[in-house]
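A.B. asks: A structural model of the following input is requested.
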Amino acid sequence: MASTDTGVDIKMDGSPAAGEPQDPHDLAGLEAGLDALDSVQVGRTPLRKTLIRKALPPITAAALVLVVWQLLVWAEAAPDYKLPSPSEVWGEVRDAWLQGALLDYIWTSVSRGLLGFLMALAIGTPLGLLVARVRFVRAAIGPILSGLQSLPSVAWVPPAVLWLGLNDSMMYAVILLGAVPSIANGLVAGIDQIPPLFLRAGRTLGATGLRGAWHIVMPGALPGYLAGLKQGWAFSWRSLMAAEIIASSPDLGVGLGQLLENGRNNASMSQVFLAISLILFVGIAIDLLIFSPLERRVLRSRGLLVTR
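C.D. replies: Below is the predicted model:
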């Protein structure tokens with residue numbers, strides 16, 4: 001029991017002593033807080049509401065872009081050979097579909113991009129753990145990883161062609177050089193944000209070595225690691241497009257980057273716009289189908305994403 005300056009006796013836990021009046025404003029605030037906690041809905045959002053909230057904004061934005069695009073065509077803001085109409089680009093889509101080539105363009109690039117990203121994941125993850133946990137390795141390799149991450153991936157295409165030739169190995173080498181530094185640096189940043197208390201508690205419980213990395217380090221670094229994965233995929237996709245645009249060979253097939261280069265060589269802006277649209281579509285689709293659900297799941301598991 002203690003006495004405050006106002007003469008009101010309170011218990012050691014901070015509550016008023018028995019027989020002492022309680023402030024009604026404090027009780028009202030406490031009840032309001034409890035009501036707010038009870039009102040949080042943790043169940044699944046209805047599908048209709050999810051579609052309206054998630055799908056409607058991007059569809060509206062795409063429709064607005066098409067409207068502005070068509071208005072610029074009608075206003076003759078640029079010659080036809082520089083600014084094709086949306087209907088001309090749609091004609092390219094229809095022709096490629098009827099020829100059976102549209103899905104081949106997409107699959108050639110997507111299959112390379114995903115396989116290269118998985119290879120970068122297998123290399124970048126242990127490399128990030130090593131850099132984050134070993135001081136000497138961090139001092140030696142850390143600046144190099146940061147420098148490689150800032151280096152434009154297109155710079156790797158000429159030496160990769162000279163070293164490996166015009167083949168898929170060259171494509172994967174460019175993807176790895178672009179994506180591995182991003183994945184490794186993302187994991188290093190995530191590990192640096194783990195509270196030291198968690199690491200000490202893990203060591204106390206016997207979680208050391210690989211066991212500590214699996215049960216303590218990786219779960220604690222998951223948000224930063226996931227951000228590194230998203231950036232790593234972006235670098236993989238950009239590196240692949242750069243390689244496909246510069247390196248051309250019948251053995252490589254026609255991917256989206258090569259389709260873009262073919263449009264330039266043929267002076268066909270409608271084909272160029274088709275290739276750009278498909279590259280953008282694949283990038284958005286991978287983010288919405290893979291990385292966004294993973295990010296929501298991680299945030300929800302940590303109580304950082306609440307559905308209201």
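
A.B. asks: count of neighbours near residue 86?
C.D. replies: Using other C-beta atoms under 10 Å, residue 86 has 15 other residues around it. Using the backbone N, CA and C atoms, a C-beta is placed for each residue, glycine as well.

A.B. asks: Can you tell me how far it is from residue 72?
C.D. replies: 10 Å (C-beta to C-beta, to the nearest Å).

A.B. asks: What of residue 286?
C.D. replies: In terms of C-beta to C-beta, residue 286 sits 29 Å off from residue 72.

A.B. asks: Which of these two has more residues huddled nearby?
C.D. replies: Neighbours were tallied for residue 286 and for residue 72 using other C-beta under 10 Å; the higher tally belongs to residue 286 (20 against 13).

A.B. asks: so the more buried one makes contact with residue 233?
C.D. replies: Yes: in this structure, residue 286 is within contact of residue 233 by C-beta atoms under 8 Å, at 6.5 Å.

A.B. asks: can you tell me which helix or strand the residue nearest the centre of the chain belongs to?
C.D. replies: Nearest to the centroid of the C-alpha atoms of the chain, with distances taken as C-alpha atoms, centre = their mean, sits residue 230, at 2.7 Å. Assigned by DSSP states H and E, residue 230 falls within helix 222-246.

A.B. asks: what mean pLDDT would you report for that helix?
C.D. replies: Across helix 222-246, pLDDT averages out at 89.

A.B. asks: What is the subsequent helix or strand relative to that helix?
C.D. replies: helix 256-265.

A.B. asks: Now the helix or strand following that next one: buried residues?
C.D. replies: Downstream of helix 256-265, the next assigned helix or strand under DSSP H and E is helix 269-286. By 16 or more other C-beta atoms under 10 Å, the buried positions in helix 269-286 come out as 269, 270, 271, 272, 273, 274, 275, 278, 279, 282, 283, 286.

A.B. asks: cool, and stretch 123-141?
C.D. replies: By neighbour count with 16+ other C-beta under 10 Å, stretch 123-141 contains the buried residues 124, 125, 127, 128, 129, 131, 132, 141.

A.B. asks: Could I get the contacting residues of the fourth one?
C.D. replies: Residues touching residue 128, when contacts are defined by C-beta atoms under 8 Å, 6 or more residues apart in numbering, comprise 183, 184, 185, 186, 187, 188, 191, 225, 228.

A.B. asks: name the element the nearest residue to it once chain neighbours are set aside belongs to?
C.D. replies: Nearest residue to residue 128 in three dimensions, chain neighbours excluded: residue 187, at 3.1 Å (C-beta to C-beta, 6 or more residues apart in numbering). In the assignment (DSSP H and E), residue 187 maps to helix 168-192.

A.B. asks: Helix 256-265 and that helix, what's the angle between them?
C.D. replies: Here helix 168-192 points in a direction 120 degrees away from that of helix 256-265 (axes from the mean of the first three to the mean of the last three C-alpha atoms, to 10 degrees).

A.B. asks: right, and the residue nearest to residue 128 touches residue 126 too?
C.D. replies: No: using C-beta under 8 Å, residue 187 is not in contact with residue 126; the gap is 9.4 Å.

A.B. asks: For residue 129, give me phi and psi.
C.D. replies: Taking degrees, to the nearest 10, you get phi -60, psi -40 for the backbone angles of residue 129.

A.B. asks: And for residue 165?
C.D. replies: phi 90, psi -180.

A.B. asks: Give the burial count for it, as a bare number.
C.D. replies: Residue 165: 12 surrounding residues under other C-beta under 10 Å.

A.B. asks: Equivalent analysis for the one 3 residues further on, please.
C.D. replies: Counted with other C-beta under 10 Å, the neighbours of residue 168 add up to 14.

A.B. asks: okay but it is in contact with residue 252, surely?
C.D. replies: Yes: contact criterion C-beta under 8 Å: residue 168 and residue 252 qualify, at 7.1 Å.
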